[in-house]
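Colleague: Generate a structure from the sequence data that follows.
(2 chains)
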Amino acid sequence: MKPIEQYSEYNGLEKHLHENLHQYAPEAPEHLWSGIEAQLPRQRRRPVLWWWLSMTVVFFTIDYRFDPVHKSNTLSSAVPLVIEPNLRKYPVTVNLPDRFPGKDAARELADYQNTGAEQTSVATSGTVPGIPPLTVNILSAEQLQTDNDPLDLSGSPSFGTLPVKEIAGLHSATPGFPLINFPVKSARTRHWTVEMGAAPVWIWQPATGAEMHHGGQSTFAEHQQGPAFGWQKGFTLGYRLGARWQVNAGLNRRQMTQLSSHTATLRLMDGICLNAYDPGPKEYEFEYALQSGNEQSNVTVRIAQVDSVSAMPADEPFMLDMRTLRRSTNWVLPLTIRCYFGQGRWQGFVQVGGQFNLPAQTIIQVDHFNEACMDLCFATGRIPRLELVERGQTALAWQLGAGFGYALTPRWGISVDPAFFGRKGQSGVSLNAGLQYKF
Amino acid sequence: MANTHFLTDPDGLALAEACRTGNRQAQRDLWVRYKNRMFGVCLRFAPSRQEAEDLLQEAFVKVFRDIGHYRGEGSLEGWVRRIVVRTVIQHFQKKRFDIQPLEELDLERVLLAAEQDSLTDDESGRLVTLLQHLPPGFRTVLNLYIIEEYSHEEIARELNISIGTSKSQLHRAKAFMRRLLAKTFLLL
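Modeller: Okay, the predicted model is just below:
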């Protein structure tokens, strides 16, 4: 680059052209902007993935903070009196609902640590006929373990050093409190779960390189590729192995669409002239391979010359721009193991496993843009759109995910589980949501 | 590209940063700011207005795609202009440049076509119309050397031709252009 004054051959013509044309700025058509805008990526949105993860964490937190015993045991249903467990050094408090007459007095409980008493009397200030002063027994750990507890608290999370305290008076010493055991069947006793679900899926794979001539055939790698987008739908069958673990196997039909670009550099000598002895315009047939990610498609294209007079040397390279649209249908068989957290209606889980991909078919459309050849010898629009149907290769992929479920009823629930999956040269994410039925 | 040698362009950098984040309004502002001058560049290189419009679209898509590479060194306009010129060059690299003997060029036919396709009545418009009717090789080298101020080495590198070819194309192009201008009395 050099300043205009340093032109050795600077003369009137150059000056005249430079002065008149360097800042030449005619009005550009405004309608071009819509074409540009259509090719621009959409404005960045909030990362959906982080949203999901945040929501999962929030649900875990909520689930932990709310004592699951409240939601699942029979005591809360039978007697509206709950003692929140505390660490030994803090006073034991009693939360009583508003309708309980001795609520105010019951809040004043002795410090378990300071008194060392095994039994604490709580005086109710109000005189309620038929209700004696409430007696709260703080049971030792050994007692808790040996007591014939009507509640199954084995799966409950403990709170510090003191687990949930029982009120002995409710069992025997306090005749005014009837204990009603509602038969609550835990969802965990239902081992099987079937889930119908659907999910948007995105798959990314980097543009690949390829040798120009691979195995004696011209190979052209993609130079631009967007993510594949599609949907999957199917069902998952789960079996509960224990309190926390569940094995899932499923079958999903995944339909994906992917757009990529290739550029082929060809020479006439690479093709076969189909009418070599015809004096009119020549027609050539080229065979080459398009490589996209792990897939390779063999393409045969015929290109006809328009002007037989305009002869192009057989060894002169010319370029064909191609846009490749792949629409694939795969059967995906996921096999995962889930670890559940929490109890009650909300349950979170993490899962790990694999996917087995069985490709059904891939329809490949190749559009050629041959304006590059316009002043060579080919006409625009003479190369038709090619459509190929191929069957891909089976593949194994890993899968990781985390999600949550919400029990609508003891049997029915909904589940949301975003999952990552991938294999060599490819990774993806699916945002599954489904309806569960336990049996 | 004489106007590319600014030290910094903070205003342009802010606009580029906004465009990089996908701000559609900022992208539109950038388009409005530079569309006319870049359309002039495309018109000078392209053989027709239609092709110039296609090139302008293609170039601006590349500008917005690569806007993250602009670091504020030099003016934003200079950076955009380089993208546009490179897009145009890449576009015409795919074509074979006509290396036509000067005597084969029909001066009258070019003048007649230029007269019919004249963009505007002003001198710049008439000059661009004449440029558009030059053979592609002449037009490209003339544009790059005289108006975009590329050196022959840079032209040779960009167009993948030899320096000698660049010089001879320029010489022929100038001779042809001089005859055209003399005919049309545009050059006094």
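Colleague: what's the closest non-adjacent residue to the residue nearest the centre of chain B?
Modeller: Central residue check for chain B by CA atoms, centre = their mean: the C-alpha nearest the mean position is that of residue B:41, 3.7 Å away. In this structure, residue B:41 finds its nearest non-sequential neighbour in residue B:84, 5.2 Å apart by CB to CB, 6 or more residues apart in numbering or on different chains. Every residue, glycine included, has its C-beta placed from N, CA and C.
Colleague: try residue B:128
Modeller: The spatial neighbour of residue B:128 that comes closest, neighbours along the chain excluded (CB to CB, 6+ apart), is residue B:43 at 5.3 Å.
Colleague: tally of neighbours for that neighbour?
Modeller: 28 (other CB atoms under 10 Å in any protein chain shown).
Colleague: so who does it touch?
Modeller: Residue B:43 makes contact with A:24, A:26, B:49, B:52, B:119, B:128, B:132 under the criterion CB atoms under 8 Å, 6 or more residues apart in numbering or on different chains.
Colleague: cool, residue B:66 as well?
Modeller: If a contact means CB under 8 Å, 6+ apart, then residue B:66 has residue B:83 as its contacts.
Colleague: What's the per-residue pLDDT of it here?
Modeller: Taken from the predicted model, the pLDDT recorded for residue B:66 is 86.
Colleague: nearest to residue B:147, of the contacts of residue B:43?
Modeller: Top of the list for closeness to residue B:147, among the contacts of residue B:43 and by CB to CB, is residue A:24 at 8.6 Å.
Colleague: give me every residue that touches that closest one.
Modeller: Applying CB under 8 Å, 6+ apart, one finds that residue A:24 lies in contact with B:37, B:40, B:43, B:44, B:124, B:128.
Colleague: So the last one sits against residue A:17, correct?
Modeller: This means residue B:128. No. Using CB atoms under 8 Å, residue B:128 and residue A:17 do not qualify as a contacting pair, with a distance of 10.1 Å.
Colleague: Please work out how many residues are found near residue A:320.
Modeller: A count of neighbours around residue A:320, defined by other CB under 10 Å, yields 23.
Colleague: Also residue A:437?
Modeller: Counted with other CB under 10 Å, residues neighbouring residue A:437 total 14.
Colleague: Repeat that for residue A:277.
Modeller: Residue A:277 has 5 neighbours, counted by other CB under 10 Å.
Colleague: mind listing what's buried in stretch A:331-338?
Modeller: Using 16 or more other CB atoms under 10 Å in any protein chain shown as the test for burial, stretch A:331-338 gives A:331, A:332, A:334, A:336, A:338.
Colleague: So what touches that stretch?
Modeller: Residues external to stretch A:331-338 that are found in contact with it (CB under 8 Å, 6+ apart): A:232, A:234, A:236, A:238, A:245-254, A:349-360, A:399, A:401.
Colleague: C-alpha coordinates for it, PDB please?
Modeller: What follows is stretch A:331-338, C-alpha atoms only, in PDB (Å, rounded to 0.1, in the frame of the first residue of the first chain):
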ATOM      1  CA  TRP A 331     -33.600 -44.300  16.300                       C
ATOM      2  CA  VAL A 332     -31.900 -43.500  19.600                       C
ATOM      3  CA  LEU A 333     -31.800 -46.100  22.400                       C
ATOM      4  CA  PRO A 334     -30.600 -44.400  25.600                       C
ATOM      5  CA  LEU A 335     -29.600 -46.500  28.600                       C
ATOM      6  CA  THR A 336     -28.900 -44.500  31.700                       C
ATOM      7  CA  ILE A 337     -28.800 -44.800  35.500                       C
ATOM      8  CA  ARG A 338     -30.300 -42.100  37.600                       C
END
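Colleague: could I get the helix or strand where residue B:129 lies in PDB with only the CA atoms?
Modeller: Counting by DSSP states H and E, the secondary-structure element that holds residue B:129 is helix B:123-132. Presented in PDB, the C-alpha positions along helix B:123-132 are these (Å, rounded to 0.1, in the frame of the first residue of the first chain):
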ATOM      1  CA  GLU B 123     -19.100  12.500 -13.900                       C
ATOM      2  CA  SER B 124     -18.500   9.900 -11.200                       C
ATOM      3  CA  GLY B 125     -21.500   7.900 -12.300                       C
ATOM      4  CA  ARG B 126     -20.400   8.000 -16.000                       C
ATOM      5  CA  LEU B 127     -16.900   6.900 -15.000                       C
ATOM      6  CA  VAL B 128     -18.200   4.000 -13.000                       C
ATOM      7  CA  THR B 129     -20.400   3.000 -15.900                       C
ATOM      8  CA  LEU B 130     -17.300   3.000 -18.200                       C
ATOM      9  CA  LEU B 131     -15.400   0.900 -15.600                       C
ATOM     10  CA  GLN B 132     -18.200  -1.600 -15.400                       C
END
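Colleague: Can you give the distance of it from its chain's centre?
Modeller: 13 Å (CA atoms, centre = their mean, to the nearest Å).
Colleague: Does that helix pack against any helices or strands, and if so which?
Modeller: Counting contacts by 3 or more CB pairs under 8 Å, 6 or more residues apart in numbering or on different chains; DSSP states H and E, the secondary-structure elements packed against helix B:123-132 are helix A:12-21, helix B:24-45, helix B:107-116, helix B:136-142, helix B:163-184.
Colleague: Give me the next element, helix or strand, following the second one.
Modeller: Downstream of helix B:24-45, the next assigned helix or strand under DSSP H and E is helix B:49-65.
Colleague: The first one too?
Modeller: If you walk from helix A:12-21 toward the C-terminus, the next helix or strand you reach (DSSP H and E) is helix A:32-39.
Colleague: Give the buried residues for that following helix.
Modeller: Neighbour-count burial for helix A:32-39, counted by 16+ other CB under 10 Å, picks out A:32, A:33, A:35, A:36.
Colleague: dump the residue contacts of the second one.
Modeller: This means residue A:33. Neighbour list for residue A:33: B:28, B:31, B:35 [criterion: CB under 8 Å, 6+ apart].
Colleague: now do 7 Å
Modeller: With contacts defined as CB atoms under 7 Å, 6 or more residues apart in numbering or on different chains, residue A:33 is in contact with B:28, B:31.
Colleague: Ok, the third one next?
Modeller: The contact partners of residue A:35, by CB under 7 Å, 6+ apart, come to residue B:57.
Colleague: which parts of chain B sit against chain A?
Modeller: Where chain B comes near chain A, counting by CB under 7 Å from any CB of the partner chain, the residues are B:1-2, B:21-22, B:24, B:27-28, B:31, B:35-37, B:39-40, B:43-44, B:53, B:56-57, B:60-61, B:64, B:94-96, B:119, B:123-124, B:127-128, B:146-147, B:149-151, B:154, B:174, B:177-178, B:187.
Colleague: hey, which of the helices and strands packed on helix B:123-132 is tucked in deepest?
Modeller: helix B:136-142 (a mean of 24; mean count of other CB atoms under 10 Å in any protein chain shown).
Colleague: Tell me how far that one lies from the chain's centre.
Modeller: Chain-centre distance of helix B:136-142: 10 Å, with CA atoms, centre = their mean.
Colleague: The strand or helix carrying residue A:387 pairs with which strands, and in what direction?
Modeller: Applying DSSP H and E as the criterion places residue A:387 in strand A:386-390. Looking at strand A:386-390 with DSSP bridges, its paired strands and their directions are strand A:346-369 (antiparallel).
Colleague: returning to what we had before: out of the helices and strands packed on helix B:123-132, nearest to residue A:205?
Modeller: With CB to CB, the closest approach to residue A:205 among the helices and strands packed on helix B:123-132 belongs to helix B:24-45: 27.9 Å.
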